[in-house]
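Visitor: Just a sequence and a predicted model for now, questions to come.
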Amino acid sequence: MVRITGVGATLALLLAAAGLSGCGGAAAHARAVGACTARTPPHVTVVVEISPARVLDRCVPVGGRSISAETAMRRSGIELALQHFSFGDAVCQLDHVPHGYTQCFSAGTPYWSLFVAAPGRPFHASTTGISALRVGAGSAIGWHYVPARGPDTPPPLPTRG
């Protein structure tokens, strides 16, 4: 079973029209409306690195002490497709990447790798999946789209304005 959620078509068109689709050189990181700043109330940062030139950055408010990573992703407005496995939910698609797939985590195909960062700390590979990971205010969730044969490196931590 694959569940797909995401931003509405109007919001997607507005983001694309605003130039937030990540076009540009390797140093150009797309900044989304609502990206966190030093004055933002308690939040979790969501970073999705689709390529070095296309990085999405969202600020997700935290109502309590912590929220699940899956809830943070859903609140971020970034399109998300999950597939349920015996170990929990796996992320098959983010921001419509890959554009199509027949099976989540097929051998020899690109995949989404999950990273987490505690407040003020660098990203490290998550030891759990999205359905079991909980994050608190000041934390960050990072995703890196890993080619079938490529480095599994964390996405860049966003800079704060």
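Guide: Nice, thanks for sending it over.

Visitor: C-alpha only now, for contacts and for neighbours.
Guide: OK.

Visitor: Where does the prediction get shaky in this protein?
Guide: 1-35, 38, 150-151, 158-161 (pLDDT under 70).

Visitor: would you list every one of the strands in it?
Guide: Assigned by DSSP state E, the strands in the chain fall at 2-5, 43-51, 54-61, 66-68, 80-85, 88-94, 111-117, 124-125, 134-136, 140-146.

Visitor: looking at the ones you listed, which is closest to Y101?
Guide: Nearest to Y101, of all the strands of the chain, is strand 88-94, at 8.0 Å by CA to CA.

Visitor: helices or strands next to the closest one in the packing?
Guide: strand 80-85, strand 111-117 (3 or more CA pairs under 8 Å, 6 or more residues apart in numbering; DSSP states H and E).

Visitor: Just say which of those is most tucked in.
Guide: strand 111-117 (a mean of 23; mean count of other CA atoms under 10 Å).

Visitor: packing partners for that one?
Guide: strand 88-94, strand 124-125, strand 140-146.

Visitor: wait, what's in contact with the residue sitting nearest the centre point of the chain?
Guide: Residue closest to the mean C-alpha point of the chain, counted by CA atoms, centre = their mean, is V48 at 3.6 Å. Neighbouring residues of V48 by CA atoms under 8 Å, 6 or more residues apart in numbering: V55, L56, D57, L94, G142, W143, H144, P155.

Visitor: quick one on the thing from earlier: would you mind putting the helices and strands packed on strand 88-94 into JSON lines with distance to S126 alongside?
Guide: Listed next are the helices and strands packed on strand 88-94 as JSON lines, based on distance: least, CA to CA, whole Å:
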{"stretch": "strand 80-85", "distance to S126": "17"}
{"stretch": "strand 111-117", "distance to S126": "5"}
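
Visitor: Between those, which one is closest to V44.
Guide: Among the helices and strands packed on strand 88-94, strand 111-117 comes nearest to V44, with 9.9 Å by CA to CA.

Visitor: Could you check the angle the closest one makes with strand 140-146?
Guide: Angle, strand 111-117 to strand 140-146, by axes from the mean of the first three to the mean of the last three CA atoms, to 10 degrees: 150 degrees.

Visitor: List the contacts of strand 111-117.
Guide: Counting by CA under 8 Å, 6+ apart, 91-93, 105, 123-126, 129-130, 139-148, 152, 154 sit against strand 111-117.

Visitor: Note down every partner strand of that strand and its orientation.
Guide: Paired strands of strand 111-117, with direction, are strand 124-125 (antiparallel), strand 140-146 (antiparallel) (DSSP bridges).
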